[in-house]
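J.: No sequence on hand, only this structure:
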């Protein structure tokens, strides 16, 4: 007899869709060679889209949302994992086309899992989540482009959000001077300074249409916003600098010019976290365990129960969620 477990479920309705807490069994799980007892998940921008229906993120109906989870292996037919292994999952279409982490149990392909590095708990892994793992991929991308602390300031856009907060904390600990851009400068100044930002600017400086080239202000940047913001970030990047782009909070468009690339030798690096190869994922998680200040991580994190998640879905899309939201699936 299959054991029952609680899960969030996004379902179609006559009026659109709904998200509610349900009781499921093993028969409701999808194919996979590893079963995981989920301990924690987290709320990401993409999860907000899935639960509100504001973008066509969900590809399988009904679906358990949650693009991240961390927990303990309960069954494994995969050679790389044994019962009792602590694991983390980010992306791979989980929470979009495959049942995700907002549940007490998950069945997935073992190739999608990464063993949780020593020194991180499941709760801390989900405080990091896809947002923090993406931030680490961005930092690694800047490093590959030779953007070291002695090259100059690094800008982080959307700094009050999940990617931006972890990027700020990581870069600061690694010795970079961080400029944080936020739409809530007055309210978030102390919070961002606590994460390590040494200068804070209002996002309005970057969010409107700008010139093809502006004053050279930073050696590198981590951008999760896109659109005019990314165009302006590129236009104000110093000669030979680099920008790691990983998000589209303002929009998918890039209304800029080739001027930063052909006149200043600026590099735009795209960062994808969903289908990122396993070796790079493993290295990103190793670096997170080594390079992220866990006290600063705790300062940007709050915890909620599984039944509280859907009420926050709209808030994260509207920029009303600071930092990271960890979901305890067992309460």
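T.: Okay, I see it. Every value quoted in this text rests on a predicted model; they were computed, and no experiment measured them.
J.: Next up, the contacts around residue 303.
T.: Listed by CB atoms under 8 Å, 6 or more residues apart in numbering, the contact partners of residue 303 are 123, 325, 326, 327, 328. The C-beta positions use only the backbone N, C-alpha and C, and glycine is treated the same way.
J.: excluding its backbone neighbours, what's nearest the fourth one?
T.: The shortest distance from residue 327 to any residue that is not its chain neighbour, by CB to CB, 6 or more residues apart in numbering, is 4.3 Å, and that residue is residue 41.
J.: for the stretch 201-331 of the chain, what spans make up the strands?
T.: 218-223, 237-245, 267-270, 301-305, 324-328 (DSSP state E, counting those that start in this stretch).
J.: Just the buried residues of the last one, please?
T.: Think strand 324-328. 324, 325, 326, 327, 328 (16 or more other CB atoms under 10 Å).
J.: Run a quick neighbour tally on residue 216.
T.: 16 (other CB atoms under 10 Å).
J.: For it, give its distance to residue 36.
T.: 48 Å (CB to CB, to the nearest Å).
J.: quick one on the thing from earlier: need the strands of the stretch 201-331 of the chain in TSV (columns: distance to residue 101 and mean pLDDT).
T.: Formatted as TSV, these follow (distance: least, CB to CB, whole Å; pLDDT from 0 to 100):
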stretch	distance to residue 101	mean pLDDT
strand 218-223	24	98
strand 237-245	25	98
strand 267-270	25	98
strand 301-305	14	96
strand 324-328	8	96
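J.: and among the ones you listed, the most buried is which?
T.: Neighbour counts (mean count of other CB atoms under 10 Å) averaged over each of those peak at strand 218-223, with a mean of 29.
J.: Please render the strands of the stretch 201-331 of the chain as a markdown table that adds distance to residue 212 to the earlier fields.
T.: As requested, those are exported to a markdown table (distance: least, CB to CB, whole Å):
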| stretch | distance to residue 212 |
| --- | --- |
| strand 218-223 | 17 |
| strand 237-245 | 13 |
| strand 267-270 | 14 |
| strand 301-305 | 40 |
| strand 324-328 | 36 |
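J.: Quick one, which of those strands gets closest to residue 84.
T.: strand 324-328 (20.8 Å; CB to CB).
J.: wait, doesn't residue 135 sit right on residue 222?
T.: Yes - counting by CB atoms under 8 Å, residue 222 is a contact partner of residue 135 at 6.7 Å.
J.: Note down every partner strand of the one helix or strand the residue nearest to residue 327 maps to and its orientation.
T.: Taking DSSP states H and E as the definition, residue 41 sits inside strand 34-42. Here strand 34-42 is paired, per DSSP bridges, with strand 68-76 (antiparallel), strand 105-108 (antiparallel), strand 324-328 (antiparallel).
J.: how big is the angle separating that strand from strand 301-305?
T.: If you take axes from the mean of the first three to the mean of the last three CA atoms, to 10 degrees, strand 34-42 sits at 120 degrees to strand 301-305.
J.: quick one: average pLDDT of the very next helix or strand once past strand 34-42?
T.: Downstream of strand 34-42, the next assigned helix or strand under DSSP H and E is helix 45-52. On average, the pLDDT along helix 45-52 is 94.
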